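*Asks:* what's the 3D shape of this:
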Amino acid sequence: MNAEGEPPAAAELRLRDLVATSDPVDLIARIVSMERRQVTRQSDGSRRPLISGLLSDGTASVRFTWWDPPAEGIDRGMVVRAVHAEVREFRGRPEVTFTWKTRVGPASPAELPRLSLEEMPIRRVAELRPPEEGFRIEARVVRVAPRSVSVGEERRVVFEGLLADRSGTVALTAWADFGLVEGASIRIAGARVGAFRGRPQLVLDEGTTVTRIENAELPEPAEILRASPRSIAQVEETGGGESVAVEGLVVALLPPSGLVYRCPTCRRSITSGICRIHGEVDGVADLRARIVLDDGTGALTVAADRETTEQLWGVSLSEALRRLREQPDPTLLEEKLLEALFGRRLRVRGSATSDDFGLTLRPDSVETVDIDLSTTTEELAARIGPRE
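*Replies:* Residues are numbered from 1 along each chain as shown. All right, here's what the predicted structure looks like:
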């Protein structure tokens, strides 16, 4: 303590320079994400509030825990200055803790560290791992399209797409209009790496700069989108991918397929008029097919939307509803859909993700491949096994 009773001054550090230490540190960072919750004290059973989430200053992102925070006035996107914070290690990475000794207050975004391009390391797509930031990357825009999303009570337009270099592909989400166009070669600085459905995702926001460049070494969009199919076993080994092509036989449908009803607010499928998020709702009719595709090395689920289901089945949503009025049993529609698809060889391209239920591929395109019927019958019999 100094003469005024204040603790000794701590070094103000950038997040990328944090290491676990017994000494306090000072820092300035933006709250990227946060969650309020309470934990139970083991000593007396009382409840203690805390905020946990992610901090970023442009050089790196770290997790943080804030014990006994203010009840209000703390929001995502806010820039804060923390004096005498603690840095510990969690799962091999530094983690910041705000304790009763830490003084936390608002700071100006202008006080965040500003990195020159020369300070930012160059990364390839295959090297991107969440929650990294403070890097440069050169890539080709394979595709990009605007989408309207809800952020709280506000509607915003984001731009979603796919980027690629020779090392691989990565999904893109841009929260501002950077003028991205398909086929453009760009240099990105100041983006961050998030995660979506277990896969890395490059996130561009107001702190990101995008520059058009000439780079003949980057792959063309057609080269990415026409890549030869891989085996399902290979896709499973890599945990999926943003631009995956596979080919296999339709061996089953997972329920519910065919005619389904969705919540008008969140578009989740509902059961008996109940949405698990919004409760009792008036469902909106939709078509979908959860197709099990097998190529002999493994199987995955193709989550086909209405347009793809109509294309493969040859039956529109209005026609499916008409059939339901004639025979009010949705399972009959699912059986007819399976009859139309079973045994067909499909070449599917899209985004594949892996979870506890296996691989799921959300298709960008689906093509029917001509096959030799006798050969296909033998393949199906071998994969399905003898009937009891």
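
*Asks:* ok, the residue nearest to V181 when sequence neighbours are not counted to E182 distance?
*Replies:* Closest residue in space to V181, ignoring its immediate chain neighbours: V141 at 6.5 Å, by Cβ to Cβ, 6 or more residues apart in numbering. Yep, even glycine has a C-beta here, placed from its N, CA and C like the rest. From V141 across to E182, the span is 6 Å (Cβ to Cβ, to the nearest Å).

*Asks:* quick one: low-confidence residue ranges for the stretch 151-300 of the chain.
*Replies:* 151-153 (pLDDT under 70).

*Asks:* hmm, try it at 50
*Replies:* Scanning the stretch 151-300 of the chain for pLDDT under 50 picks out no residues.

*Asks:* just after the longest strand seen in the chain, pick out the following helix or strand.
*Replies:* Ranked by residue count, the top strand of the chain under DSSP state E comes out as strand 21-40. Using DSSP states H and E, the helix or strand that follows strand 21-40 in sequence is strand 47-56.

*Asks:* can you point out the buried residues in that following strand?
*Replies:* 50-56 (16 or more other Cβ atoms under 10 Å).

*Asks:* what's the answer for stretch 17-26, then?
*Replies:* Buried, per 16+ other Cβ under 10 Å, within stretch 17-26: 18, 24-26.

*Asks:* ok, so of the residues you listed, who is nearest I277?
*Replies:* The shortest approach to I277 among those belongs to L18, at 37.1 Å (Cβ to Cβ).

*Asks:* how close does that closest one get to P121?
*Replies:* 17 Å.

*Asks:* same deal with R103?
*Replies:* Distance, R103 to P121, by Cβ to Cβ: 33 Å.

*Asks:* re earlier: from the buried residues of strand 47-56, which two are the most distant?
*Replies:* So, the buried residues of strand 47-56 by Cβ to Cβ: farthest apart are L50 and S56, at 19.4 Å.

*Asks:* quick one, helices of the stretch 201-350 of the chain?
*Replies:* With helices called from DSSP state H, counting those that start in this stretch, the stretch 201-350 of the chain shows them at 221-225, 232-237, 306-313, 317-326, 330-341.

*Asks:* thinking again about what came up before, could I get the buried residues of strand 47-56 in JSON lines, plus columns for pLDDT and distance to W67?
*Replies:* JSON lines is the format used below for the buried residues of strand 47-56 (pLDDT from 0 to 100; distance: Cβ to Cβ, whole Å):
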{"residue": "L50", "pLDDT": "93", "distance to W67": "5"}
{"residue": "I51", "pLDDT": "94", "distance to W67": "9"}
{"residue": "S52", "pLDDT": "92", "distance to W67": "10"}
{"residue": "G53", "pLDDT": "88", "distance to W67": "13"}
{"residue": "L54", "pLDDT": "87", "distance to W67": "17"}
{"residue": "L55", "pLDDT": "90", "distance to W67": "15"}
{"residue": "S56", "pLDDT": "85", "distance to W67": "21"}
